[in-house]
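# any chance you could fold what I've pasted below:
(chains A and B)
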Amino acid sequence: MNISTEKKSLMVAGAITGVLSVVLVLLGNPTNMGFCIACFYRDIAGALSLHNAAVVQYARPEIIGLLLGSFLISLAKKEFKPRGGSSPALRFVISAFVMIGALVFLGCPFRMILRLAGGDLNALVALFGFIAGIISGSLLLNKGFTLGRNYKQSKVEGGAISGLFLALLVVLLFIPSLLKFSTSGPGSLHAPIIISLAGGLVVGALAQRNRFCMAGGIRDVFLFRDATLLTGLVMVFVAALVMNLVTGNFTLGFDGQSVSHTDGLWNFLGMALVGYGSVLLGGCPLRQTILAGEGNSDSAMSVLGMLAGAAISHNFGLASSPQGSTIGGKIATILGFIVITTVALVVIQAQKKEA
Amino acid sequence: MEIDARGLSCPQPIIETKKAVDKKVTSMSVLVDNIAAKENVSRFAKVMKYDVTVKETEYGWELDLEKR
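Numbers count the residues shown, from 1 in each chain, chains lettered A, B, ... in the order given. Got it, this is the predicted structure:
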């Protein structure tokens, strides 16, 4: 594939993803939340009673669709490759902190783009934080940080997480009484199940084919001034922006934005923690979800880590609300930077000794 | 020069390749075993003005990079 066809395919995929993201909002999802990987894992954690925040409980079919879409297309294209064993416990911990950071900002990198496309300027502050986090993380990788190699795994290991989410889908469709459903708040706002699922499947397949990664796009520009991956993300933004303008969902400003707060420093730091952790994990929350579908059981650990992080966030009052960030959230964010940096420095030291 | 990037998660294959490129190594082979790494390293190499030859192997791919 030459560069220009790769770019074209990314642009089309980005545009479709951006349009679908707004369509899901028009059909019932919270504003600027056609997709939000972090918010949706949080809602799933709530649906499974891993936390008891009544306003954010819903087994989001979008996530199930993303993961299974990636699983199915990678099987079809013979790209389903069960791999794993690269520091699973560390990945779990880092992913939990990524989730905590995302919930301090109130969105993953994907939703950050959708919030920007809706005119939410708090997301611009967060974007600067995200970039700062990615650059800092890249520096650690340059210094020799690694989570180690992964190895070939069995098909059962590679498919386990897809099986789990398929089971969640079956429960959602046929035994919903096992799950919790918000009756008010963001968790109560959602498009019809079948449309959310279809949207997830389409975007999951597109993201798998095009290796969409919010962190990757920025990383390439920073590392070697190449904007190929970024093109896809820019198209998501442009398509969502146009759709928002056409449908009257665009409101420029900081105040009164949907499911957001105006606490600039913590929007910046929350997303910086997401960028920092994502680079070390090798991908943003969306990419982790897609990789998990492709059979990467390290990314499956990330998915579980994010679910745990969401539960911790709400059980210990770390997640922000439209009123702003919390003391606990601020402490946890700082703690996240300390823990991840300490882990990285210890690994780098050990690598040096080995060399 | 050979860079074994098998089993490394993105973006480490690029970073390892970049280290060699920064040292002005003109010829190297990079071993990768996942598609994202293959595409990312190839894209990086082309931007850095290397010719890339891709060979399929039993574990994945061997990318031969030659400075243009």
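# A strand includes residue B:51, no?
Yes: applying DSSP: H, G, I helix; E, B strand; the rest coil, one finds residue B:51 inside a strand.
# hang on, isn't it packed against residue B:66?
Yes: counting by Cβ atoms under 8 Å, residue B:51 touches residue B:66, with 4.8 Å between them. Where you see a C-beta, it was placed from the backbone N, CA and C, and this is true even at glycine.
# which one is the closest residue to chain B within the stretch 51-200 of chain A nearest to, not counting chain neighbours?
Of all residues in the stretch 51-200 of chain A, residue A:149 sits closest to chain B, at 3.1 Å by Cβ to the nearest Cβ. Counting by Cβ to Cβ, 6 or more residues apart in numbering or on different chains, residue A:149 lies nearest to residue B:7, which is 3.1 Å off, once chain neighbours are set aside.
# name the spans of chain B whose pLDDT lies under the cut-off.
Within chain B, no range satisfies pLDDT under 70.
# does the one helix or strand residue A:198 maps to reach chain B?
Residue A:198 belongs to helix A:193-210 when assigned by DSSP states H and E. No: remark: helix A:193-210 sits outside contact range of chain B, by Cβ under 8 Å from any Cβ of the partner chain, the gap being at least 9.9 Å.
# off-centre distance for that helix?
Between the centre of helix A:193-210 and the centre of its host chain there is 14 Å, according to Cα atoms, centre = their mean, to the nearest Å.
# in stretch A:344-355, what's buried?
A:344, A:347 (16 or more other Cβ atoms under 10 Å in any protein chain shown).
# from the rest of the structure, what touches that stretch?
A:140, A:143-147, A:280 (Cβ atoms under 8 Å, 6 or more residues apart in numbering or on different chains).
# these, buried ones only, as a PyMOL selection?
This is how PyMOL selects the buried members of those, with burial counted by 16+ other Cβ under 10 Å:
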select buried, chain A and resi 140+144+145+146+147+280
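# so which of the contacts of stretch A:344-355 would you say is closest to residue A:26?
residue A:280 (36.5 Å; Cβ to Cβ).
# could you pull up the contacting residues of the closest one?
If a contact means Cβ under 8 Å, 6+ apart, then residue A:280 has A:94, A:137, A:140-141, A:145, A:147, A:340, A:344 as its contacts.
# among the residues you listed, name the ones in helices.
If you go by DSSP state H, those have A:94, A:137, A:140-141, A:340, A:344 in helices.
# got the phi and psi for the residue nearest the centre of chain B?
Central residue of chain B (Cα atoms, centre = their mean): residue B:30, 4.0 Å from the mean position. When read as degrees, to the nearest 10, the backbone of residue B:30 gives phi -110, psi 120.
# coming back round to it: export the contacts of residue A:280 to a markdown table and tack on distance to residue A:245 and pLDDT?
Putting the contacts of residue A:280 into a markdown table (distance: Cβ to Cβ, whole Å; pLDDT from 0 to 100) gives the following:
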| residue | distance to residue A:245 | pLDDT |
| --- | --- | --- |
| A:94 | 37 | 98 |
| A:137 | 34 | 94 |
| A:140 | 40 | 93 |
| A:141 | 39 | 91 |
| A:145 | 42 | 94 |
| A:147 | 42 | 96 |
| A:340 | 38 | 98 |
| A:344 | 42 | 96 |
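# and those residues, which is closest to residue A:231?
For the contacts of residue A:280, the residue nearest residue A:231 by Cβ to Cβ is residue A:137; the value is 22.1 Å.
# tell me the pLDDT of residue A:1.
The per-residue pLDDT reported for residue A:1 equals 48.
# could you pull out the strands for chain B?
All strands of chain B, identified by DSSP state E, fall at B:2-4, B:27-32, B:50-56, B:61-67.
# quickly note the distance from residue A:259 to residue A:25.
Applying Cβ to Cβ, to the nearest Å, the value for residue A:259 to residue A:25 is 11 Å.
# what do the two both touch?
Contact with both residue A:259 and residue A:25 is made by residues A:31-33, according to Cβ under 8 Å, 6+ apart.
# show me which residues of chain B are close to chain A?
B:6-12, B:14-15, B:18-19, B:34-36, B:39-40, B:43-44, B:46-48.
# filter those down to just the ones in helices.
Of the positions in these, B:12, B:14-15, B:18-19, B:35-36, B:39-40, B:43-44, B:46-47 sit in helices, assigned by DSSP H.
# what subset of those is buried?
B:12, B:14-15, B:18, B:35-36, B:39-40, B:43-44, B:46.
# distance check, the residue sitting furthest away from the middle of chain B against chain A.
Residue distances from the centre of chain B (Cα atoms, centre = their mean) peak at residue B:58, which lies 16.7 Å from the mean C-alpha position. Residue B:58 sits at a distance of 11 Å from chain A (criterion: Cβ to the nearest Cβ, to the nearest Å).
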